[in-house]
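K.L.:
Next come a sequence and a model predicted from it.
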Amino acid sequence: MKLLVVALVFAWGTAEAVAVAAPASRALPWVHSFAPAAETSEVTPSVISRMSPWRAADPSCSAAAYGGFEVTAEVAAEPAGLETVLASFTQGVLVLDAKARLIASAMPLACEGSADELVGLAVGDAHIGEPVIALAVTIGGHREAKTWLVLYRVAVADGVVAPIFAGIVEDYTNDQSRIGDVTLLPGALVYRAPSGARTLWTYDTAEHRYVQLGLGAPGV
């Protein structure tokens, strides 16, 4: 237990130093100490049609009219050339190999309101030994909405783009917003919720996902 407390205190201090020293991703300003190989916050309408052979868009969702994101980078744990990552709100995340064949996918998000939209997409190094896809998405209406950050890994053997962490990084209520962030560390991350509460998460290499430790610290 003592070692866990020491590790937690060390992570708080490290996260504070990294957040100050390391520039955030341009497409994902809530993420610190992330080294993107490719990133974008520019929506491309043609992404919807590119994804449609595998998954149709939902025209009843307002976010479907905005298009989607596309980046090219190595995202598989075993590099076999560059992959293309496509993302849209109602079609999820698709990963195509160099020959445009689908190798992995994640399910789409549920539509909730008029503010639903994708915010940013990046692929890069989260210090866990394999590439990570990071996606920011806003869900809700114009009176109340939340921006989520979701981290994924690509499990080619299972054909899945699997979520490994998700947390709210911005909370909008009645024209007021509260902002949180995520600081990535070797094999771990510190998540600061919009409320200010911070928690330490470690990457479980057996489960292939981040697991929250049992201790938390209040915001300061």
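P.N.:
Yes, it's here.
K.L.:
my guess is residue 131 meets residue 76, correct?
P.N.:
Yes. Residue 131 lies in contact with residue 76 (CB atoms under 8 Å); the separation is 7.3 Å. Quick note: C-beta positions are derived from backbone N, CA and C, even for glycine.
K.L.:
C-terminal to the longest strand seen in the chain, what's the next element?
P.N.:
Identified as the longest strand of the chain according to DSSP state E is strand 160-173. Later in the chain than strand 160-173, the nearest helix or strand by DSSP states H and E is strand 176-179.
K.L.:
Strand partners (parallel or antiparallel) of that next one?
P.N.:
Under the criterion DSSP bridges, strand 176-179 sits next to strand 160-173 (antiparallel) in its sheet.
K.L.:
how about the strand it pairs with: buried residues?
P.N.:
Using 16 or more other CB atoms under 10 Å as the burial criterion, the residues of strand 160-173 that qualify are 160, 161, 163, 164, 165, 167, 168, 169, 170, 171, 172.
K.L.:
Can you lay out these as CSV showing pLDDT and distance to residue 81?
P.N.:
Listed next are those as CSV, based on pLDDT from 0 to 100; distance: CB to CB, whole Å:
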residue, pLDDT, distance to residue 81
160, 96, 20
161, 97, 18
163, 97, 25
164, 98, 23
165, 98, 27
167, 97, 32
168, 98, 35
169, 97, 32
170, 97, 35
171, 96, 40
172, 94, 40
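K.L.:
Now render these as a markdown table, adding distance to residue 135.
P.N.:
Output for the buried residues of strand 160-173, formatted as a markdown table (distance: CB to CB, whole Å):
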| residue | distance to residue 135 |
| --- | --- |
| 160 | 15 |
| 161 | 10 |
| 163 | 9 |
| 164 | 12 |
| 165 | 11 |
| 167 | 12 |
| 168 | 14 |
| 169 | 12 |
| 170 | 14 |
| 171 | 18 |
| 172 | 18 |
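K.L.:
so which of these would you say is closest to residue 50?
P.N.:
residue 161 (16.1 Å; CB to CB).
K.L.:
So in terms of bridging, what pairs with the closest one?
P.N.:
When bridges are called by DSSP bridges, residue 161 pairs up with residue 154.
K.L.:
correct me, but it touches residue 102?
P.N.:
No. Contact criterion CB under 8 Å: residue 161 and residue 102 do not qualify, at 10.6 Å.
K.L.:
Now do the shared contacts for those two.
P.N.:
Each of 94, 95 lies in contact with both residue 161 and residue 102 under the rule CB atoms under 8 Å, 6 or more residues apart in numbering.
K.L.:
Since that was my last question, I'll sign off now.
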